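Student: Here is the input, now give the coordinates:
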Amino acid sequence: MEWFKIKESENQIKVFDPIRRRYVVLTPEEKVRQQVMHLLVNNLYVPVGLIAVEYTIKVGRLTKRCDIVVFSENHKPLMIVECKATHIEPGQSALDQAARYNQGLQVKYLMITNAEKYYLYLINPQNGSLTPCEQLHDFATMNHEN
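Tutor: The predicted model follows:
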């Protein structure tokens, strides 16, 4: 899978997204999204077919898009990834945003990142509380626990 293939088109820099199979405008957040997808596939061994990018969900009456959703082997949402540009600290507001998105998906993990810092949280399905994970988990570990 080829990552970080760049071209200029219509006076914009674009990057080829191998998950969506098309060129997209290379915004600061898109750069992070591409780095995170590369990490998911090449380091955490998430199968490409189980990654959705800009996944549309309903939150109440609003339509929102999760940056990345990872699905389990049985095709249930497993993890929401909220990406922020590298100059933005992935803090409480990003975590709150991911938690709101989870109202519709009911995943087991939330990740927030700016590609410099990664924070992974395990969600308690009974009360919705978040437990920080000490490290990122690979797909087999997350999927097994699902």
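
Student: would you list every one of the helices in the chain?
Tutor: Secondary structure of the chain (DSSP state H): helices at 28-42, 92-105, 139-145.

Student: Quick one: low-confidence residue ranges for the protein.
Tutor: 145-146 (pLDDT under 70).

Student: Can you tell me which of the helices of the chain is nearest to Pro125?
Tutor: helix 92-105 (10.6 Å; Cβ to Cβ). To be clear about C-beta, it is placed using only N, CA and C from the backbone, and glycine gets the same treatment.

Student: Excluding chain neighbours, give the residue nearest to Tyr121 in space.
Tutor: Excluding its sequence neighbours, the residue lying closest to Tyr121 (Cβ to Cβ, 6 or more residues apart in numbering) is Leu130, at 4.2 Å.

Student: That neighbour against Asp96, yeah?
Tutor: No - the pair Leu130 and Asp96 does not pass the contact test of Cβ atoms under 8 Å, sitting 10.6 Å apart.

Student: For these two, work out which one has more neighbours and name it.
Tutor: When Leu130 and Asp96 are compared for neighbours, Leu130 comes out ahead with 17 against 12, by other Cβ atoms under 10 Å.

Student: beta partners for that one?
Tutor: With DSSP bridges as the criterion, Leu130 is bridged to Ile123.

Student: next one: Met79
Tutor: Note on Met79: beta-bridge partners Val70, Tyr109, judged by DSSP bridges.

Student: Hmm, it is touching Met111, no?
Tutor: Yes - under the criterion of Cβ under 8 Å, Met79 makes contact with Met111 at 6.1 Å.

Student: So the two - more neighbours on which side?
Tutor: Neighbours were tallied for Met79 and for Met111 using other Cβ under 10 Å; the higher tally belongs to Met79 (31 against 26).

Student: list the buried ones in stretch 76-83?
Tutor: If you call a residue buried by 16 or more other Cβ atoms under 10 Å, then stretch 76-83 has these buried ones: 77-83.

Student: for stretch 35-49, same thing?
Tutor: Neighbour-count burial for stretch 35-49 [16+ other Cβ under 10 Å]: 35-37, 39-41, 44, 46.

Student: No more questions from me, cheers.
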